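build me a model:
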Amino acid sequence: MDWNRAIERNSAALHKIVAALFAMLVTCPDRSRRSLGEGGRGDFTLPRRVYAASLLILRPAESAVRRLIVIAARGLMLKPRASRPLPAGLGGFATNSTSKTPSFCLFDPLKSFSLDDYDNNALPHFSFHSGDDAEFEWQQSPAQDEPVNATLLFARLRAIRSALNDLPRQARRLARWQAQRDLLLKARRPFKPMRISTFRPGLPPGWRQRSIHAVDDVLRECHGLARDLANRPDTG
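Coordinates of the predicted model:
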């Protein structure tokens, strides 16, 4: 298996997808909706429908990049950092500054089964009319055009673009986390819940059975390659 060629091919595809997503948001008619604070910092806002459409592309793209990083880190052995237990930026994004690029999150978000996570205002509503010819009347929710805070969305876009521009660095971050994980697993101490893998169980975030965008095919290939790599005795 030519792993380097697979990384180059999928990385190039993801570069195009992320660039197109940036272009879509920059040219959004409502992109001027933002509140600026002191020092030029502010919260970017987007219409809810645009925000939701962006996540349909961003989530699978992030999952694909995580699997590319795992492939890029194959056979890489590094010592854990002694100054801190985990590499910085693994758990989230720093959004308090518009000038600093946040670190890409190496972990798949775990599945949430809370009903509070579902926003009914982001979904189309319909009403049912009884009669001889029953039909559904779809109603566009006014909430779909209301502005929502997209600061974190833009931070995630900058982070994924930065990760794609330097996959070897991301692979070293992953290798250091793996070394620290192995060290903690070998230590004789009271058990504490911890992540064993950067992937969550089951299908990756953003996975769709039926492809609706080019990113779906990229994620499907990257996920398959990562699983194939994990099942190989020789990952070199």
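
what sits against the residue nearest the centre of the chain?
Nearest to the mean C-alpha position of the chain, by CA atoms, centre = their mean, lies residue 62 at 3.1 Å. For residue 62, the contacting residues are 104, 105, 156, 160, 205, 206, by CB atoms under 8 Å, 6 or more residues apart in numbering. Any C-beta I mention is one placed from the backbone N, CA and C, and that applies to glycine too.

which of these fall within helices?
156, 160 (DSSP state H).

which one of the contacts of residue 62 is nearest residue 195?
residue 105 (11.8 Å; CB to CB).

burial count for the nearest residue to residue 72 once chain neighbours are set aside?
Nearest residue to residue 72, sequence neighbours excluded (CB to CB, 6 or more residues apart in numbering): residue 171, at 4.0 Å. When neighbours are counted by other CB atoms under 10 Å, residue 171 registers 20.

what do you get for residue 148?
Residue 148, neighbours per other CB under 10 Å, totals 20.

what do you get for residue 210?
Based on other CB under 10 Å, the number of other residues close to residue 210 is 5.

state the pLDDT value of it.
For residue 210, the model assigns a pLDDT of 93.

quick check: the gap between it and residue 158.
Distance, residue 210 to residue 158, using CB to CB, to the nearest Å: 30 Å.

where does pLDDT dip in the protein?
The chain contains residues with pLDDT under 70 at 30-42, 81-99, 113-143, 190-191, 233-236.

ok, back up a step: ok, the contacts of residue 62 vs residue 15, which is closest?
Among these, and counting by CB to CB, the member closest to residue 15 is residue 160, at 10.0 Å.

got phi/psi on residue 46?
phi -140, psi 150 (degrees, to the nearest 10).

show me what it bridges to in the sheet.
residue 148 (DSSP bridges).

quick check: it touching residue 152?
No - Residue 46 is beyond contact range of residue 152, at 11.4 Å (criterion: CB atoms under 8 Å).

more neighbours: these two, which one.
Higher neighbour count among residue 46 and residue 152: residue 46, with 22 against 14, using other CB under 10 Å.

can you show me the helices along this structure?
3-26, 48-72, 151-165, 167-186, 214-231.

hey, which of those helices is tucked in deepest?
helix 48-72 (a mean of 22; mean count of other CB atoms under 10 Å).

before we move on, the earlier item: for residue 156, see how far away the residue nearest to the centre of the chain is.
Applying CB to CB, the value for residue 62 to residue 156 is 7 Å.

how about residue 192?
28 Å.

quick one: contacts for residue 101?
Taking CB under 8 Å, 6+ apart as the test, what residue 101 contacts is 158, 159, 162.

how far away is residue 175 from residue 166?
Distance from residue 175 to residue 166, by CB to CB: 14 Å.

output the contacts of residue 62 as TSV; include the columns distance to residue 21.
As requested, the contacts of residue 62 are exported to TSV (distance: CB to CB, whole Å):
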residue	distance to residue 21
104	15
105	17
156	10
160	9
205	16
206	13
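
nearest to residue 215, of the contacts of residue 62?
residue 206 (7.7 Å).

surely the closest one touches residue 63?
Yes - at 5.2 Å, residue 206 counts as touching residue 63 under the criterion of CB under 8 Å.

common neighbours of those two, please.
With CB under 8 Å, 6+ apart, residue 206 and residue 63 have common neighbours residue 219.

wait, isn't residue 109 in contact with residue 200?
Yes - at 7.2 Å, residue 109 counts as touching residue 200 under the criterion of CB under 8 Å.
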